[in-house]
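Peer 1: structure, please.
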Amino acid sequence: MQNHLVWRDLMIGGVCLSIVGAQHAAPLQSPTPATALTPRDSAFHALNRLAYGPRPGEVPRVAAEGVMRWIDRQLSVDGIDDHGLAERERQFQVLEYDRGDLAAMYTAAQRERRERKLAAAPDTMADKDAASPIAQRGRRLAGEFADLAVVRAALSERQLYEIMVDFWTNHFNVYFAKGADRFLTPDYIEHTIRPRAMGKFADLLIATAKSPAMLFYLDNWESVAPGTSPPFPRSARRRGGQGVRPMPKGINENYARELLELHTLGVDGGYTQQDVIDVARIFTGWSIERPQQGGDFEFHEWAHDRGDKQVLGVRFEGGHNMDEGIRLLKLLASDPATMHHVSRKLCQRFVSDDPPDGCVDDAVAAWKRSSGDMRDVLRAIFHGPDFWAAENVRAKVKTPLEFVVSAARAVDAQPDTSPRLAQVVARLGEPLYLHVAPDGYPERETAWVNSGALLDRMNAAVALAAGKLQGVTVALDSIVSAGGAEELIGVVNEKILGGTMSENTKQVLRRELAGISDPMQARALAVGLAIGGPEFQRQ
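Peer 2: A predicted model of the protein is given here:
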């Protein structure tokens, strides 16, 4: 059925808003291709791709500096002063706990819950569990960790770095709610992903392979060669808590399959099922010391398959233990299929949902020259013609995280440590660290665009602009002072939408503002409608 525009009424804060949506597949129409970009347009484009959108006054600052100079600064992440964010990070208690601390807290909450369940009547169990101080603290810290990601994205001066942290978090996805990953995931993000987000791909690949969070998520910690068993009695294996050592269960192929299909070669990367099997054999013995206590990576020589293996035509002679896995990871990191697969994902993230071959080729060439240094790969993308091509400007739709953070930045929001913004991201369909499948959240707009989702975004935008989100202060004065409808529309169009507001959106704003007598309410409504409207959804 052909898509067509429909009117919907939405009650927000007592104001009846008529907004334009669309039925079925594609409420957002593709924008008209831009002509040659002015310095201001170039700055606006770069801030919407390499950053989570501009803050008030940032577009003219970047235009004055020179957009390519700003891009090069973002690529040199260590040279960017981010002390303001560092001050805010100190307010997040979750960063004070290591894996062991969080594991002890989670275990205590589970034990307390069991004790309460035995002592309480069934109909009172839910209330008692909710009132448990340990359980409440655990839930608060989990919510705080999700909000920390949003706060970093909103406030950091190292915007490209935070974009890449999100990219790799999805590329090397783990599921926060799976067992021990409830307390292993924060360490995974803080000490595996973040330190290597702008470095060499091989280093990040090896670090994720050895991460307790990844080993637990894809069950490799239990993968052992057939017929092997620990060289000490069962009582010793279980000393110090449950799950101290994996009980022999045989080879598990989960990590091997996702390593080839998602992390490196891609689904069309030329590997076979026998390759998957031999990769799994290579990673037998890659495990975790006391996973239920937040233990470290540990290689179990007794569990390793000592036979010869062959992957992608390369022979791995048996008996080299953990070195076999390191050698394989380095081989995969430099494989042409890996270069193409990851480069295409980067071009999809920064250029277009259907990335041009030229962008991918430029990224692959930079990968080869730099041995997979992501700064060089990204520089090739941003300096290439496809990034600036008219058909790729405002051609992508923001994910829920990108929408919420860009909205917060647009109104100069200052969130506290409460998880309100992260809750909004979750409500829009992207609960952070909670994507169950190993492929991470999707990048293509078809995953996020439908009329119901746009109504939810409008709700969130108007609530944010009106200051209705508890724990999030906004500064509309930095955008526009109170004024008449035409003045509000003009300033909001220029400062929030970069001059891209359509005549249709202007007509909607004129109609809704006509009935508002309070100038402050009119200002908040104009900002909220602009952020919730179709133009702001694009980047």
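Peer 1: biggest helix in this structure by residues?
Peer 2: Counting by DSSP state H, the longest helix found in the chain is helix 133-155.
Peer 1: report the angle between whatever helix or strand comes next after that one and helix 133-155.
Peer 2: Next helix or strand after helix 133-155 toward the C-terminus (DSSP states H and E): helix 159-171. Helix 159-171 runs at 130 degrees relative to helix 133-155, counting by axes from the mean of the first three to the mean of the last three CA atoms, to 10 degrees.
Peer 1: tell me what helix 159-171 is packed against?
Peer 2: helix 67-75, helix 133-155, helix 336-350, helix 374-383 (3 or more CB pairs under 8 Å, 6 or more residues apart in numbering; DSSP states H and E). In short, each C-beta sits where N, CA and C put it, glycine included.
Peer 1: elements contacting the first one?
Peer 2: Packed against helix 67-75, as judged by 3+ CB pairs under 8 Å, 6+ apart, are the following elements: helix 39-49, helix 159-171, helix 374-383.
Peer 1: now with 10 Å, please.
Peer 2: When contacts are defined as 3 or more CB pairs under 10 Å, 6 or more residues apart in numbering; DSSP states H and E, helix 67-75 sits against helix 39-49, helix 58-65, helix 159-171, helix 374-383.
Peer 1: so what touches the helix or strand following that helix?
Peer 2: Reading on from helix 67-75 to the C-terminus, the next helix or strand found by DSSP H and E is helix 83-89. Helix 83-89 is contacted from outside by 82, 95, 148, 151-152, 154-158, 162, 414-417, using CB atoms under 10 Å, 6 or more residues apart in numbering.
Peer 1: mean confidence score for the strand or helix carrying residue 524?
Peer 2: Secondary structure assignment for residue 524, by DSSP H and E: helix 519-532. Helix 519-532 carries an average pLDDT of 95.
Peer 1: likewise for stretch 486-503?
Peer 2: The model assigns stretch 486-503 a mean pLDDT of 95.
Peer 1: and stretch 356-375, by the same measure?
Peer 2: So the average pLDDT for stretch 356-375 ends up being 99.
Peer 1: would you mark the buried spots in that stretch?
Peer 2: Buried residues in stretch 356-375, defined by neighbour count with 16 or more other CB atoms under 10 Å: 356, 359-364, 366-367, 370, 372-375.
Peer 1: domain map for this structure?
Peer 2: When the chain is parsed with automatic domain parsing, its domains come out as 5-30+396-422+448-537, 86-197, 200-352+354-393.
Peer 1: next up, the contacts around residue 273.
Peer 2: Applying CB under 10 Å, 6+ apart, the residues near residue 273 are 253, 257.
Peer 1: once you drop chain neighbours, what's closest to residue 53?
Peer 2: Computed as CB to CB, 6 or more residues apart in numbering, the closest residue to residue 53 that is not its neighbour in sequence is residue 406, at 3.1 Å.
Peer 1: that neighbour touches residue 498, doesn't it?
Peer 2: No - the pair residue 406 / residue 498 is not scored as a contact, 11.8 Å apart, by CB atoms under 10 Å.
Peer 1: neighbour count winner among these two?
Peer 2: residue 406 (24 against 21; other CB atoms under 10 Å).
Peer 1: point me to the helix or strand that includes the more buried one.
Peer 2: Taking DSSP H and E as the criterion, the element that holds residue 406 is helix 400-410.
Peer 1: just the strands in the stretch 401-539 of the chain please.
Peer 2: 414-415, 472-473 (DSSP state E, counting those that start in this stretch).
Peer 1: other SSEs contacting the last one?
Peer 2: When you say that, I think you mean strand 472-473. strand 414-415, helix 420-427.
Peer 1: can you put the ones you listed in a markdown table and add distance to residue 198 and mean neighbour count?
Peer 2: Output for these, formatted as a markdown table (distance: least, CB to CB, whole Å; neighbours: other CB atoms under 10 Å):
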| stretch | distance to residue 198 | mean neighbour count |
| --- | --- | --- |
| strand 414-415 | 25 | 18 |
| helix 420-427 | 23 | 22 |
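Peer 1: for residue 52, find the nearest of those.
Peer 2: When these are compared for distance to residue 52 using CB to CB, the nearest one is helix 420-427, at 11.8 Å.
Peer 1: now do the closest one, average pLDDT.
Peer 2: pLDDT averaged over helix 420-427 gives 95.
Peer 1: angle of it against helix 133-155?
Peer 2: Using the same axes, to 10 degrees: helix 420-427 against helix 133-155 is 90 degrees.
Peer 1: okay, buried residues for stretch 294-301 please.
Peer 2: In stretch 294-301, counting by 16+ other CB under 10 Å, buried: 294, 295, 297, 298, 299, 300.
Peer 1: how distant is that stretch from the center of its chain?
Peer 2: 27 Å (CA atoms, centre = their mean, to the nearest Å).
Peer 1: how long is it from one end to the other?
Peer 2: Taking CA to CA, to the nearest Å, the first and last residues of stretch 294-301 lie 21 Å apart.
Peer 1: does residue 512 touch residue 529 like I think?
Peer 2: Yes - assessed by CB under 10 Å, residue 512 is found in contact with residue 529 at 6.4 Å.
Peer 1: more neighbours: the two, which one.
Peer 2: residue 529 (25 against 20).
Peer 1: residue contacts, the more buried one?
Peer 2: 12, 17, 19, 458, 461-462, 465, 488-489, 492, 505, 508-509, 512-513, 536.
Peer 1: now, the most widely separated pair of those?
Peer 2: Pairwise over the contacts of residue 529, using CB to CB, the maximum falls at 12 and 489, 18.8 Å.
Peer 1: still on that earlier bit, next, the angle helix 58-65 makes with the helix holding residue 406.
Peer 2: Going by the same axes, to 10 degrees, helix 400-410 makes 80 degrees with helix 58-65.
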